[in-house]
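Visitor: Just need the structure, nothing else, for what follows:
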Amino acid sequence: MKISVINPPKVFNPYETFLQIGTPSQCPGGNWPNPCDLTICRELSNGGHNVDYVDGDNKLMEFSEVIEKTLDFSPDFVVMNSETFDYARTPLSSYENVNMLVDGIKLGNPKIKAILYGYHPLVDTRGISTNFDVVVAGEGEGIVSKIVNGKKGGFFIHFVENLDKLELPDYRFVEDVLTECSTFAAPGLTGKFAQVIGSRGCSRRCVFCFRGGTGDRVRFMSPQRVYNELKMLHDQGCDSIYFIDDSWGIDSRWGEKVCEKVKDLGMKFACQSRPDIMKNEKLVKEMGKAGFVNVGMGIETYSDSVLRKIHKGGSTEDIDKAMDVLYNNGMSVIPFLMIGLPGHTMEDIDKTEEFLQKNEDKIAGAGGFLTVPYPMTPMWKEITGQVGGDVMMALDMAGLRLNSLGLGDAVEARELWYKLDRHWGRGADVLSQVKKHRPNIYSRWVEYVKLHDLEERFGL
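Guide: Sure thing, here's the model as predicted:
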């Protein structure tokens, strides 16, 4: 059979995506090949199917181009990922990009069967187009090929239990986008760049995060399997890897073994993790030896009382130690921060800014977000309970209702973060990277800025 696997364009409204959240640091930069898509491509190819990969995101394609290319291929099936994007701005529109594609494709050829996969349907199925014949909530690897062969429709929940059994992602489909790494991805990464997922799931239970509601336990690739994937990428000319695990090194012994395996490859690495993990001196020392240069760290806030309220796990003491340990082993940090968490006060915001100032030499930028909880999480349930179950009102009040910031609306909250982000979000650096790697988005953003007389604010 002929099958199109589609990585949808994530920016469905570039005029808004860059600014409506209120911070320059939200704009994408560089190419981020999707390893889950590429694993599915290999599984389908190995099954004898004729596979076409349409990388709408990394190839900067318009929706009309993706639809036209897909219809020209005339597939029996199309497969799309439902990666959550722009959730803080448009929580009920997270499916807008895939809906636009599947509706257009079905309009052109109603006989094509459509499969949607990804984590977002685990917590929110509202708004999924009825043109999708199959929805896989969770992970698509290992089940999409079975669905295609069995031609069954419906709704499935699926997780890959043994990550070592996954096929290696087939990067032949994206050779032309394995290009120079954007410094926005992670300072210190250079050359050709790819993403790898060494572990999946998170054992922590933050009140705003969907991991707390899905029961998704942590699963690990064996260190040898991680090495095999990295060696394949190394041999294909990749210089840098970003591990997109939810919490890299959550099992420190696993992390140490991975570092021991990969250190002789001579590659550079970055990852996402947490302070209570990165305070481990033994683990971080091995990461430094292996070639890690940057860690995106979920700090959220520099307030012990708020950290306790959100069930983050860890403390400001852990944050301080993690910052020192990473710095002493040659790694910079991008702190991920949130505005409007339960119990948040202006004093907490001031403490967070003081933390940033104190660690300026260790920080390579910061990412800030207005708090919007995922559906079905404890924070979501508390907010919807306060507004009589009114979902839209809950979304409007998210990040504002459970704290003591005295903010009237989301605009005011975003302005508050913007004051921090102008300096810590590396806005100028991000803009230069967007201009280089995402020229179509940059040009549209400039139009937006001029339309709203914001040139002075952004230095244009």
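Visitor: which of the residues in the helix or strand containing W380 are buried?
Guide: W380 belongs to helix 378-386 when assigned by DSSP states H and E. By 16 or more other C-beta atoms under 10 Å, the buried positions in helix 378-386 come out as 378-381, 383-384. All C-beta spots, glycine's among them, are computed from the backbone N, C-alpha and C.
Visitor: And the furthest pair within the residues you listed?
Guide: For those, the maximum inter-member distance is 11.0 Å, found between P378 and T384 (C-beta to C-beta).
Visitor: List the contacts of the nearest residue to G118 once chain neighbours are set aside.
Guide: In space, and not counting its chain neighbours, G118 is closest to S82: 3.4 Å by C-beta to C-beta, 6 or more residues apart in numbering. Taking C-beta atoms under 8 Å, 6 or more residues apart in numbering, we find S82 in contact with 94-95, 98, 116-121.
Visitor: Would you quantify the distance from N58 to P9?
Guide: Distance of N58 to P9, given as C-beta to C-beta, to the nearest Å: 9 Å.
Visitor: Quick one: neighbours of the spatially closest residue to S240 that is not a sequence neighbour, just the number.
Guide: The shortest distance from S240 to any non-neighbouring residue, by C-beta to C-beta, 6+ apart, is to L189 (3.8 Å). Neighbours of L189 under the rule other C-beta atoms under 10 Å: 23.
Visitor: Quick check: L189 touching F243?
Guide: No: using C-beta atoms under 8 Å, L189 is not in contact with F243; the gap is 11.3 Å.
Visitor: Can you pull the residues that touch both of those two?
Guide: By C-beta under 8 Å, 6+ apart, the residues touching both L189 and F243 are A270.
Visitor: how about the helices of the stretch 1-150 of the chain, start to end?
Guide: Per DSSP state H, counting those that start in this stretch, the stretch 1-150 of the chain carries helices over the ranges 14-17, 35-46, 63-73, 96-108, 144-150.
Visitor: most packed of those helices?
Guide: Most buried of these by mean neighbour count (mean count of other C-beta atoms under 10 Å) is helix 35-46; its value is a mean of 23.
Visitor: Need the contact partners of that one.
Guide: 3, 5, 7, 51, 53, 79, 81, 139-142, 144-145, 148, 166-171, 173-174, 194-197.
Visitor: Buried subset of the residues you listed, written for ChimeraX?
Guide: Filtering the contacts of helix 35-46 down to the buried ones (16+ other C-beta under 10 Å) takes a single ChimeraX command:
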select :3,5,7,51,53,79,81,139,140,141,142,144,145,148,166,167,169,170,171,173,174,194,195,196,197
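Visitor: list the helices and strands the helix holding W380 packs on?
Guide: helix 391-397 (3 or more C-beta pairs under 8 Å, 6 or more residues apart in numbering; DSSP states H and E).
Visitor: Mind doing that once more with 10 Å?
Guide: Helices and strands touching helix 378-386, by 3 or more C-beta pairs under 10 Å, 6 or more residues apart in numbering; DSSP states H and E, are helix 211-214, helix 391-397.
Visitor: sorry, back to before: now, which of the buried residues of helix 378-386 sits nearest I67?
Guide: Looking across these and measuring by C-beta to C-beta, the closest to I67 is W380, at 33.7 Å.
Visitor: so what's the closest one closest to, chain neighbours aside?
Guide: P373 (4.2 Å).
Visitor: Also K435?
Guide: K435 sits nearest to Y442 (C-beta to C-beta, 6+ apart), 4.4 Å away.
Visitor: Let me know the distance separating N228 from V258.
Guide: 12 Å.
Visitor: re earlier: please confirm that the residue nearest to W380 is located within a strand.
Guide: No: counting by DSSP: H, G, I helix; E, B strand; the rest coil, P373 is not found in a strand; it is coil.
Visitor: a helix runs through the residue nearest to S240, doesn't it?
Guide: No: counting by three-state DSSP, L189 is not found in a helix; it is coil.
Visitor: Could you shift the numbering so residue one becomes 25, and keep it that way?
Guide: Taking 25 as the first residue, the last one we looked at is L213.
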